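In: Following is a predicted model, sequence given first.
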Amino acid sequence: ADVIVNSCRILRSYAAEEGNGKNFEMYDEHIKQYTHILNAEIRSEELHQRVILNYYKPPSKRTNLTEHIDTYCEALDGMAEPYDSPIIIYNKYLMWIYRHEMLQEFDQMLKTCEAAEAYVAAHPIYYQSDRIKQIYIKKASAYLHMRQAGGLETCLKYHSIFQAGNTEWYQFHEYLFLLAMH
């Protein structure tokens, strides 16, 4: 949406300078349509970042996260419905995953991870490797907490998308090691 809005702003300006009213109106309509989507994407990022801000703190130091996460999840569900935006949908899935993890609902967490994977498989054009890596790490965490026998084999399939030596690689391999120990 941000690329469309900014591109159409430039193209609308050119259309105005050329006196092309038809193109001006077309680009103006695109701006109006996609500004709503862009605003929803920005709001979804804000909600995701509010969770991240407190999520990795010890539970005793989290400021109102458990009180607000249900509201955030519902807000993202509401945003994902009218807007076909991969940013909103990824944030929605991640928010629900964090919620399930906080409440130790690991079976629901695993189902949400699988729904996110299905979304990526159905919409490969929207693939975002950083987001899917987060989902795979959370999926490995769910398998570990559930002590599921097939968790290691499933997670080994994701090994190739992690670049050796970066933070996600180490996080993912930590879960692989712990799954192997079980």
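Out: That came in fine, so what should we check first?
In: How about the spatially most central residue of the chain: what's its closest non-neighbour residue?
Out: In the chain, the residue lying closest to the centroid (Cα atoms, centre = their mean) is residue 90, at 2.6 Å. Spatial nearest neighbour of residue 90, excluding adjacent residues (Cβ to Cβ, 6 or more residues apart in numbering): residue 131 at 4.5 Å. C-beta here means a position set from N, CA and C on the backbone, and glycine is covered the same way.
In: and the one you found, how far is that from residue 169?
Out: 16 Å (Cβ to Cβ, to the nearest Å).
In: same question, residue 85
Out: Distance, residue 85 to residue 169, by Cβ to Cβ: 29 Å.
In: which residues of this structure score low on pLDDT?
Out: 149 (pLDDT under 70).
In: Now do the helices in it.
Out: Along the chain, the segments classed as helices by DSSP state H run 2-18, 21-55, 65-80, 86-102, 106-122, 129-146, 151-156, 167-181.
In: Let me see the contact set for residue 36.
Out: Residues near residue 36 by Cβ atoms under 8 Å, 6 or more residues apart in numbering: residue 83.
In: how far away is residue 129 from residue 162?
Out: 9 Å.
In: Who has more neighbours out of those two?
Out: residue 162 (20 against 12; other Cβ atoms under 10 Å).
In: Leaving out the residues flanking it, which one is nearest to that one?
Out: Using Cβ to Cβ, 6+ apart, the nearest residue to residue 162 is residue 169, at 4.3 Å.
In: and that neighbour, how many residues sit next to it?
Out: So residue 169, with other Cβ under 10 Å, has 16 neighbours.
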